[in-house]
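# Next one to model:
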Amino acid sequence: MALVNRDIKYLNRDFSEFRQRLIEYSKTYFPNTYTDFSPTSPGMMFMEQAAYVGDVLSFYLDNQFQETFLQYARQTNNIFDLAYMFGYKPKTTGVAQATIDFYQQLPAKTVLGQVVPDYDYALTLRENTTVSSTNGLTFLVQDKIDFSVSSSQDPTEITVYQVAGGVPQYFLLKKSRTAISATINTQTFTFSDPVPFNTVNINESNIIKVLDIYDADGGQWYEVDHLGQEMVLDSVKNTNIYDPNSNLNIPYLLRLKKAAKRFATRFTSLNNLQIQFGAGSPYDTTEEITPNANNVGLGLPFKKDKLTAAYSPVNFLYTDTYGISPSNTTLTVRYLTGGGVNSNVAAGTLTTLNTNAISFNQNTLNPTTSQYIFGSVTCTNPNAASGGRGGDTIEEIRQNTLALISSQKRSVTADDYLIRALSMPSDYGAITKAYIEQPKLTDNQVSTIETLNLYVLSQNSNGQLDYAGNTLKNNLRTYLSQYRMIGDNIEIRDAYIINIGVEFEIIVLPEYNNSEVLLNCITQLKDYFKTEKWQLNQPIFLKNLSILLDKISGVQTVKNVNIVNKAGNILGYSQYSYDITGATQNSVIYPSLDPSIFEVRYPDSDIKGKVVPL
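Residues are numbered from 1 along each chain as shown. Just a heads-up that it's a prediction; the model follows:
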């Protein structure tokens, strides 16, 4: 019998369309075999059952196809998977932050006839010290607090706390830290034989992140964005006090480290965090292979011709370990939980300090005094905590992921490098001012657009602008190397500091006190020239200074505003002098062509005013 070419329609989508098409199909191809199409006939029962199955299968097919699109997916686990595929890590909780002021008393002692604090009794609060609020919420201070150290990045405020007979008996020290609403939790996982890409899960609500992972031998496992990432940023304590190029204001040196023990994390739902380890065996790993001309393409299958191989800079040895898998050990995982709307505690409620993390820097101290000093430690939050919220909603995950697709972690534009330099963690030193530009070319030079000059400045312990030391520059160079495009060359250079003074003359209204008005003018100029308000290559508008002084109550007329240059290392200023008169055009003082910044280094003495008669 010859095969009849059937006319089959593929556009049916629901039960009624399937049912109607089956009836038409039967009437067309079996006109004499079956003619009873009444709703109660046995044939219609089978047709409707087939239509029912087709409708269900069509629904699930449409649903599965819909779940592959981030914009239309509905199931939470699929939305999480799609977000990770595009590089976005959903947040399961929002962490509140609060600035906490820590106080401790210090006894006084006399040194060379001067009464000063006795820093032998200075206390240290270890990393991850906890502070509790009056309603029982826990906040975590991740940075160490050492009251014996003060720098521009970690200043200590000192005031006289108690006086006897006109002589200070106790001083009060104050340090501030940012705390987050988090609690440290611990889980252990035991592993036997190595399993490629072994995974473990932490099931708990409001998980923030993994704090650290250590194995039974004390070895640290490093978190990476993906298991193919073998280089991690590692901190080394800066203790070389004899290195003239070092800077002890920078507590850690930044180094790149090749880590075989690594893991990646991902949320599979709002209450489940998955931790995945590598695929290699700790007894047979190629993590330490140094690439050379003889082993590039080491793992190519079937001796494939290297001329036709596509090499990846991430894995050009063609090894497939992606880190090692834990075996015959127990891993201790510490992770943070917390956050939420209720973590936005009010001001003055973070007052209960965990004293188990407090210790003296020295052991040979007077017991009575030590006990008193230990009990003097207090803390409080002057402002309410903010930022606490729930995790990302489904719609927020969608929108954040779509926004991330059009961006990337790599630094592409000059502004990307500028933001990266300013965002380097403070443990490795802080860049206070930064400016980036292409090199200025002379007539006989050729443009090299891939080269950028990054001009930077730091601060000294007094909060004044200073030139970045070699240690800070090396840390910055290492930090930027993880985000630098392969064709970019970043030259880190010192910007120029131009120290200035301000001299002004005003006429005061008759009914006002001259000294009071003059003091208000100097205070306003001090605020105007604060270092944090100025950027590299920012000009000075003399007209703005006149307007600022003219708005002060009691000022009748601003007679004159003059900017003078202050230079000379002996006097404590920058070594570079600057022609202020030559740089002034139309009442605007322009900085030099080389990136520079104006700074009033000593506001108390460099800002001078005079009241003159009408």
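# my guess is residue 596 contacts residue 493, does it?
No: with contact defined as Cβ atoms under 8 Å, residue 596 does not reach residue 493; the gap is 11.9 Å. The way it works is simple: take the backbone N, C-alpha and C, and place the C-beta from them, glycine included.
# Which of those two has more residues huddled nearby?
More crowded of residue 596 and residue 493, by other Cβ atoms under 10 Å: residue 596, with 22 against 14.
# Relative to residue 528, how far out is that one?
19 Å (Cβ to Cβ, to the nearest Å).
# go on, residue 149?
Using Cβ to Cβ, residue 149 is found at 31 Å from residue 528.
# What of residue 495?
21 Å.
# Of these two, which one has the most company?
residue 495 (24 against 17).
# so what's the backbone phi/psi at the more buried one?
Backbone torsions for residue 495, taken as degrees, to the nearest 10, come to phi -80, psi 170.
# mind listing the helices in this structure by residue range?
With DSSP state H as the criterion, the chain has helices at 15-29, 42-66, 76-85, 367-375, 394-405, 414-422, 470-481, 514-528, 542-550, 603-606.
# Next, the buried residues of stretch 42-59.
Using 16 or more other Cβ atoms under 10 Å as the test for burial, stretch 42-59 gives 43, 44, 47, 48, 51, 54, 55, 58.
# and the nearest residue to residue 352 once chain neighbours are set aside, what does it touch?
Nearest residue to residue 352 in three dimensions, chain neighbours excluded: residue 132, at 4.1 Å (Cβ to Cβ, 6 or more residues apart in numbering). By Cβ atoms under 8 Å, 6 or more residues apart in numbering, residue 132 lies in contact with 138, 139, 350, 352, 354.
# Kindly state the beta-bridge partners for the residue nearest to the first one when sequence neighbours are not counted.
Of all residues beyond its chain neighbours, the one nearest residue 138 is residue 183 (4.8 Å), with distances taken as Cβ to Cβ, 6+ apart. Under the criterion DSSP bridges, residue 183 forms beta bridges with residue 337.
# Just list the residues touching residue 183, thanks.
Going by Cβ under 8 Å, 6+ apart, residue 183 touches 130, 138, 140, 336, 337, 338.
# can you check residue 477 too?
490, 492.
# Next, find the distance separating it from residue 459.
19 Å.
# which residues sit against stretch 534-543?
The contact list for stretch 534-543 (Cβ under 8 Å, 6+ apart) reads 433-435, 455, 457, 495, 500, 561, 563, 584, 587-591, 595-599.
# Need the pLDDT of residue 358.
pLDDT, residue 358: 90.
# what's around it, how many residues?
Counted with other Cβ under 10 Å, the neighbours of residue 358 add up to 17.
# now residue 73
21.
# domains for the chain, by residue range?
15-66, 94-181+339-380, 186-235+256-338, 408-494, 497-611 (automatic domain parsing).
# So for the residue sitting nearest the centre point of the chain, what's the pLDDT?
Centroid-nearest residue in the chain: residue 423, 6.6 Å away (criterion: Cα atoms, centre = their mean). What the model reports for residue 423 is a pLDDT of 79.
# and what of residue 320?
Reading off the model, residue 320 has pLDDT 57.
# Equivalent analysis for the one 3 residues further on, please.
For residue 323, the pLDDT comes out at 84.
# Might you report the residue contacts of it?
So residue 323 contacts 224, 227, 230, 259-263, 277-280, 287 (Cβ under 8 Å, 6+ apart).
# Low-confidence stretches in the stretch 101-250 of the chain?
Along the stretch 101-250 of the chain, segments meeting pLDDT under 70 span 237-250.
# typo on my end, it should be the stretch 351-500 of the chain
Scanning the stretch 351-500 of the chain for pLDDT under 70 picks out 405-410, 426-427, 441-450, 461.
# need the strands for it, in chain order.
For the stretch 351-500 of the chain, the strands defined by DSSP state E, counting those that start in this stretch cover 358-360, 378-380, 389-390, 433-437, 451-459, 465-466, 489-494, 496-508.
# Tell me which of those lies nearest to residue 164.
Of all the strands of the stretch 351-500 of the chain, the one in closest proximity to residue 164, counting by Cβ to Cβ, is strand 378-380 (21.7 Å).
# starting at the chain centroid, how far to stretch 185-203?
Centroid displacement of stretch 185-203 relative to its chain, using Cα atoms, centre = their mean, to the nearest Å, is 28 Å.
# Touching that stretch from outside, list them.
Contacts for stretch 185-203 (Cβ under 8 Å, 6+ apart): 204, 227, 268, 271-282, 322, 324-337.
# repeat for stretch 516-527
Contact with stretch 516-527 is made by 502, 504, 506, 508, 545, 548-549, 552-555, 600, 603, 607, 609-611, as judged by Cβ under 8 Å, 6+ apart.
# mind redoing it with 7 Å?
With contact meaning Cβ atoms under 7 Å, 6 or more residues apart in numbering, stretch 516-527 is reached by 502, 504, 506, 508, 548-549, 552, 554-555, 603, 607, 609, 611.
# How about stretch 65-75?
By Cβ under 7 Å, 6+ apart, the list of residues contacting stretch 65-75 from outside reads 78, 79, 82, 398, 401.
# what would those look like in TSV with distance to residue 254 and neighbour count?
Formatted as TSV, these follow (distance: Cβ to Cβ, whole Å; neighbours: other Cβ atoms under 10 Å):
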residue	distance to residue 254	neighbour count
78	39	16
79	36	21
82	34	19
398	36	19
401	30	22
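# and which of those is nearest residue 125?
Comparing those against residue 125 with Cβ to Cβ places residue 401 closest, at 39.0 Å.
# Touching, the closest one and residue 85? I think so.
No: with contacts counted by Cβ atoms under 7 Å, residue 401 stays clear of residue 85, the gap being 8.9 Å.
# Strands along the stretch 151-300 of the chain, start to end?
Taking DSSP E, counting those that start in this stretch to define them, one finds strands in the stretch 151-300 of the chain at 157-164, 167-180, 182-191, 199-203, 207-214, 220-223, 231-237, 252-258, 262-269, 272-277.
# among those strands, which is nearest residue 37?
Nearest to residue 37, of all the strands of the stretch 151-300 of the chain, is strand 262-269, at 49.3 Å by Cβ to Cβ.
# Could you report the neighbour count for residue 102?
22.
# With residue 388 as the reference, measure out to it.
From residue 102 across to residue 388, the span is 22 Å (Cβ to Cβ).
# What separation do you get for residue 182 and residue 566?
Distance of residue 182 to residue 566, computed by Cβ to Cβ: 47 Å.
# Oh, that last question was meant for residue 176, not what I typed.
Relative to residue 566, residue 176 is positioned 31 Å away (Cβ to Cβ).
# Tell me which of the two has more neighbours.
Applying other Cβ under 10 Å to residue 176 and residue 566 shows that residue 566 carries more neighbours, namely 20 against 16.
# Excluding chain neighbours, what is closest to that one?
Residue 566 sits nearest to residue 499 (Cβ to Cβ, 6+ apart), 4.2 Å away.
# isn't the one you found right up against residue 601?
Yes: if you go by Cβ under 7 Å, residue 499 and residue 601 touch, sitting 4.8 Å apart.
# And those two? Which one has more around it.
residue 499 (26 against 20).
# how about that one, what does it touch?
Taking Cβ under 7 Å, 6+ apart, we find residue 499 in contact with 566, 567, 573, 574, 599, 601.
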